[in-house]
Structure formats: structure tokens, C-alpha cells
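Novice: Model the structure of this input:
(chains A, B, C and D)
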2 protein chains.
Amino acid sequence: MAVAGAPLSRSEAKDLTRRRLMRAGFAILDAEGEAGLTTVKVARAAGIAQSSFYVHFKDRQDLLRALGEQAGERLREAMREARMRSGEAPDDRERLRAAFRLPLEAICRHPELFRIGLRARHDPASPLREYALATAAAYRAHFVADLTAMGFPVADEGDRRRLEMIADGVGALTNAMALGHLEGRYPDLEEAVDVLVTFSRGYLRLLRPPRRPFNGI
Amino acid sequence: MAVAGAPLSRSEAKDLTRRRLMRAGFAILDAEGEAGLTTVKVARAAGIAQSSFYVHFKDRQDLLRALGEQAGERLREAMREARMRSGEAPDDRERLRAAFRLPLEAICRHPELFRIGLRARHDPASPLREYALATAAAYRAHFVADLTAMGFPVADEGDRRRLEMIADGVGALTNAMALGHLEGRYPDLEEAVDVLVTFSRGYLRLLRPPRRPFNGI
DNA sequence: AATTTCACCGATAGTACTATCGGTGAAAAA
DNA sequence: TTTTTCACCGATAGTACTATCGGTGAAATT
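Specialist: Numbering: from 1, shown residues only, chains lettered A, B, ... in the order given. Sure thing, here's the model as predicted:
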């Protein structure tokens, strides 16, 4: 807690208020869904008048847009970092587990962003939808890159599509395991990693010898 | 088209109107999401006055409840039927493919119910949520039963949970493939079946010899 | 034939929210 | 010090929707 009232400049104070609005927006979105996010609620939660909301955002849609953008950025950043770190594992077996564990941990570190994205992805009316789809696409691209680096055959259009489908499947599996963990059904994250490894044995049979050093899945 | 005005009894006419409201409700829910479903729109689409909506449903929530219930019933029924039919295949290989193909086809026969359920499942404020969760649970139970029948080891609590997790994963994979197909990314459903078979090779290694005749996955 | 029932209608009260406007005081600029 | 800027406020017009009410006519019942 602050010792005394900090001497904030005007722009610093405004920035702080905006951040409070964003934080309140995420909390409401997670707890009550998109329909529950009103200018009245978000302003009250941030400690300002409803009308002052419009000092920071053009309208309600503008806030949703900003929330979607930030959520997408943060999740992609977390996923990117997880991918970087999966290369640090000592051996192939641990590297494979890390390639599954780190994204799961990244998701569990931001459960509200994950849930919000999952919801928005399927809602045709959501302004957040485009960001949710972009995040899902980035996730898929991440797995496609990993599998390609590991020597997954991509000779023709059919191979290419199969690769996309498998990457899509790995994403869906990861989401399902993360959701089960967040909902308390799968208390041990390591068991979730086990299951992902089990499924992966199916498609890893398709690999050719790697072209360049193993860097992920 | 009807040759002339059918001589409907009063209760038949009322039933018809109610069905029109339900049909309109599904269409709006699919196209615009839950927030887009208003008594004004659904009544207009069904060709009655907004106030007459309340002759058929207690309130807006009551309609959503009825829609959720019916969507869940229909999807579960379609899935149950698919499961029955997967036993008809000539050999083990075809039986496995049928166990993946038939649920996919069942989903693709009711794309709007599938999308509505997918959305509601993640929305904390949705009255449809309970039905979506029930459908997902039934789906999981279906796969659990199949795997158990095939000889999946269930010695302790850990085995049991792993089985649940794998069933959960198979459901997530099926949904992902169905969604990709409905969105036009995976035009050939047979390729989606291929991918599901590929993933299944991972967990089928865990099987013990089947206790009773193969009846599914 | 007389009476009752009821699906439907238009009108409207009530509610919740969005977005705008003019005013205020303290920070920032002059 | 004087002037300007601007984040914030309360008030409120406007919008969209929910749910109720009394009335109506044709079907159903008597």
C-alpha cells in the first residue's frame, strides 16, 4: 500500500484511470459475459462517473475492441515465450513434455483472458471475435512451425491441409485440458501433459527425420 | 405448398405458432447470438405481435430454456443414433472410422444447434449453459463407454481420470474438426476422419484385449 | 342458439442502458 | 500571476426492450 497520496501528473492520472477501466472490464467480461459489460458497471467498478467513461473510450464498442486487442496480445506473448523456453529442456522426451506443459501453464496464468477468448471465438456478434480468431490462428501457426521443423512431410496441398488439421487438433486438445484444469476436473497439470503426449504419439508416427534441430513438439 | 387453408383446430394452430417461435428462435440465436434474441424479433419472425409472445412462453428466459432443452435433446439423440449405427461396419478398421465419421455427420446435420451449444457452453450468463454442459457430458460418457468396452484399463482412480480426460480430448478433437468443416476450412469430411484416426493411434496403444465384442471407437 | 374460452391484437407503463451537454476546479502553460 | 486545458461531474434526452392489460372475434362447448 502507498505511504501517502502520490503526486500524479494529469496524464499519469488519466492513464491510471484508463487502466482501472480495462481491468474492471476484464473482470466483468469474465464474470458476467459480454452482455453484462455496461458503461454503468465498468465506470462504477473503476470509481468514476458513468459519463466520464467517454473521456477514455469513444463508446462501449471501443472498450471491447481495446480489451480484445490487449487480451490477444497478452495470450500470444505468453504463448511465444512458452515456445522459446520449450527448447531449454535437457532431452527429447522432456522437450516434448515442455512443449505441451508451457502453453498449458501460460493459459492457466491468464484464465480470464483464456475464457473470454474462448467465448468470443464462437459469438458472431462479438467485437472481440476477430481477436479471438487471430489468437487461435497464431496458436495453430505455432504448432505448424514446430511440426514442420520436426520433419513433418509437406509434399503437396493435401499434406499441408493435414498438417493444419493436426495443428488445429493439438490446439483443441490443449484448450480442453486447460479448461478441465481450470474447472477443477483435472487437478494435476502433469496428468494433462501425459494425455497430450498420449495423443501426440498418433501423429508423431507421420514424421520424417528432422531437418533441423528439434525445437518444440 | 398447401393447396388451400388447412382447417386447423385451435390447439393445432397454437402448437404451430409455438413451433414457429422455436424455429425463429434457433435461427436468430445462430445468426446473432443470445443478445440478439429479443421478443420483438422472434415474434416478428414468427408472424405474431410482440405481446402474443407471452401466450406461448412465460418470459424471454423461458424461451431460451425451451430452446436449450430441445437443442440438447436433438443433438444427444443424433449422437445416440450415430453410436448405434457405428456397430454395423464390416470390419474393425471401418468400425473405427464409422465411430468418428457418424458423430461428425450428426453434428453437420444440425450446424446451428452445434454452434449454439458451443457458444452457450462458455457463457456464464447463458440459460442454455446447463444444457450445453449436459450434452458435452453425454458425449464424454459415450466415448468413455466405448473405450471401456474396448478394454481400456480402469484399475484405479488415476486410470479412471485418464479415461475421462481422453474422452474429453476426443470430444474436443471431434468438435474442432466439425467446426473446421462447417467453416469451410476442411472441405472433405473423410480427411477429418483420417485426422481423428491418426490421433486415436496414440491412445489405442493403451488398450488391453477387449472384454466384449468391439462396439465403437 | 347461447355461452364460454382463448389466441391474438394494440397500447403502454416500466426498466436499463447509451451517449451528450454544460459546468467545475485543479493542473499545466503562458 | 493570468490564462488555458481537460479529466471529471450531474443531469438528461434518446433508444430499445420487457412484460402487462383490456379488448376482439372466432373456435369450442353447452
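Novice: Please, which helix or strand holds A:K14?
Specialist: If you go by DSSP states H and E, A:K14 is part of helix A:10-32.
Novice: Work out the gap between that helix and the centre of the chain.
Specialist: Distance of helix A:10-32 from the chain centroid (Cα atoms, centre = their mean, to the nearest Å) equals 20 Å.
Novice: what's the answer for stretch A:154-169, then?
Specialist: Put simply, stretch A:154-169 sits 23 Å off its chain's centre (Cα atoms, centre = their mean).
Novice: Next, work out how far apart the most centrally placed residue in chain A and B:E130 are.
Specialist: Chain A has A:L75 as the residue nearest its centroid, 3.3 Å off, counting by Cα atoms, centre = their mean. Applying Cβ to Cβ, to the nearest Å, one obtains 28 Å for the distance of A:L75 from B:E130. Yep, even glycine has a C-beta here, placed from its N, CA and C like the rest.
Novice: Kindly report the same for A:A78.
Specialist: Using Cβ to Cβ, A:A78 is found at 31 Å from B:E130.
Novice: And A:E191, by the same measure?
Specialist: Counting by Cβ to Cβ, the separation of A:E191 from B:E130 is 27 Å.
Novice: before we move on, what about A:E190?
Specialist: Distance, A:E190 to B:E130, using Cβ to Cβ: 31 Å.
Novice: ok, the two, which is more surrounded?
Specialist: Using other Cβ atoms under 10 Å in any protein chain shown, the more surrounded residue of A:E190 and B:E130 is B:E130, with 15 against 10.
Novice: Residues of chain A that sit close to DNA strand D?
Specialist: A:10-11, A:13-14, A:17, A:47-52, A:55-56 (Cβ under 7 Å from any atom of the strand).
Novice: In the record's domain split, what are the boundaries for chain A?
Specialist: A:9-57, A:69-204 (automatic domain parsing).
Novice: start to end distance for the first one?
Specialist: The first residue of domain A:9-57 is 20 Å away from its last residue (Cα to Cα, to the nearest Å).
Novice: Who are the contact partners of the residue nearest to A:M177 when sequence neighbours are not counted?
Specialist: Excluding the flanking residues, the one nearest A:M177 by Cβ to Cβ, 6 or more residues apart in numbering or on different chains is A:A192, at 3.9 Å. Going by Cβ atoms under 8 Å, 6 or more residues apart in numbering or on different chains, A:A192 touches A:100, A:104, A:177-178, A:180-181, A:186, B:165.
Novice: Can you pull up the residues of chain A that come close to DNA strand C?
Specialist: Close to DNA strand C, as judged by Cβ under 7 Å from any atom of the strand, chain A has residues A:9-11, A:38-41, A:50-51, A:54, A:59-61.
Novice: Out of those, list just those in helices.
Specialist: A:10-11, A:39-41, A:54, A:60-61 (DSSP state H).
Novice: Including neighbour count and pLDDT, could the residues you listed go into a markdown table?
Specialist: Below are these laid out as a markdown table (neighbours: other Cβ atoms under 10 Å in any protein chain shown; pLDDT from 0 to 100):
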| residue | neighbour count | pLDDT |
| --- | --- | --- |
| A:R10 | 7 | 90 |
| A:S11 | 8 | 92 |
| A:T39 | 17 | 98 |
| A:V40 | 10 | 98 |
| A:K41 | 16 | 98 |
| A:Y54 | 13 | 98 |
| A:R60 | 15 | 98 |
| A:Q61 | 10 | 97 |
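Novice: Can you list the low-confidence ranges for chain A?
Specialist: Chain A contains residues with pLDDT under 70 at A:1-7, A:208-217.
Novice: again, 90 this time
Specialist: Within chain A, the ranges that satisfy pLDDT under 90 run A:1-9, A:79-80, A:82-92, A:124-125, A:139, A:142-143, A:146, A:149-151, A:207-217.
Novice: if I read this right, A:L113 contacts A:R74, doesn't it?
Specialist: Yes: applying Cβ atoms under 8 Å, one finds A:L113 in contact with A:R74, separated by 5.9 Å.
Novice: Those two: which is more packed in?
Specialist: More crowded of A:L113 and A:R74, by other Cβ under 10 Å: A:L113, with 22 against 15.
Novice: Identify the residues contacting that one.
Specialist: A:26, A:71, A:74-75.
Novice: redo that, cut-off 10 Å
Specialist: A:26, A:29-30, A:67, A:70-75, A:78, A:107, A:135 (Cβ atoms under 10 Å, 6 or more residues apart in numbering or on different chains).
Novice: Then A:H142?
Specialist: Per Cβ under 10 Å, 6+ apart, neighbours of A:H142: A:76, A:79-80, A:82-83, A:99, A:103, A:167, A:170-171, A:216-217.
Novice: State the distance from whatever residue of chain A ends up closest to DNA strand D to A:A43.
Specialist: Closest residue of chain A to DNA strand D, Cβ to the nearest atom of the strand: A:S51 (2.8 Å). Using Cβ to Cβ, A:S51 is found at 8 Å from A:A43.
Novice: More neighbours: the two, which one.
Specialist: Neighbours were counted for A:S51 and for A:A43 using other Cβ under 10 Å; A:A43 has more, 20 against 9.
Novice: Nearest to chain B among the contacts of A:H142?
Specialist: When the contacts of A:H142 are compared for distance to chain B (Cβ to the nearest Cβ), A:G171 wins out at 7.4 Å.
Novice: and A:L206, how many residues sit next to it?
Specialist: A:L206: 16 neighbours (other Cβ under 10 Å).
Novice: Which residue ranges of chain A form helices?
Specialist: Assigned by DSSP H, chain A shows helices spanning A:10-32, A:39-46, A:53-56, A:60-85, A:92-109, A:111-121, A:129-149, A:157-182, A:189-204.
Novice: Contact partners for the closest residue to A:R140 other than its chain neighbours?
Specialist: Using Cβ to Cβ, 6+ apart and skipping residues adjacent in sequence, the residue nearest A:R140 is A:A167, 4.6 Å away. A:A167 sits next to A:139-148, A:152, A:203, A:217 when contact means Cβ under 10 Å, 6+ apart.
Novice: For these, which entry has the maximal number of neighbours?
Specialist: A:I217 (26 neighbours).
Novice: Pick the most buried one from the domains of chain A.
Specialist: Highest mean neighbour count of the domains of chain A: domain A:69-204, a mean of 19 (counted as mean count of other Cβ atoms under 10 Å in any protein chain shown).
Novice: returning to that earlier point: from what I can see the residue nearest to the centre of chain A touches A:Y139, true?
Specialist: Yes: using Cβ atoms under 10 Å, A:L75 is in contact with A:Y139, at 8.5 Å.
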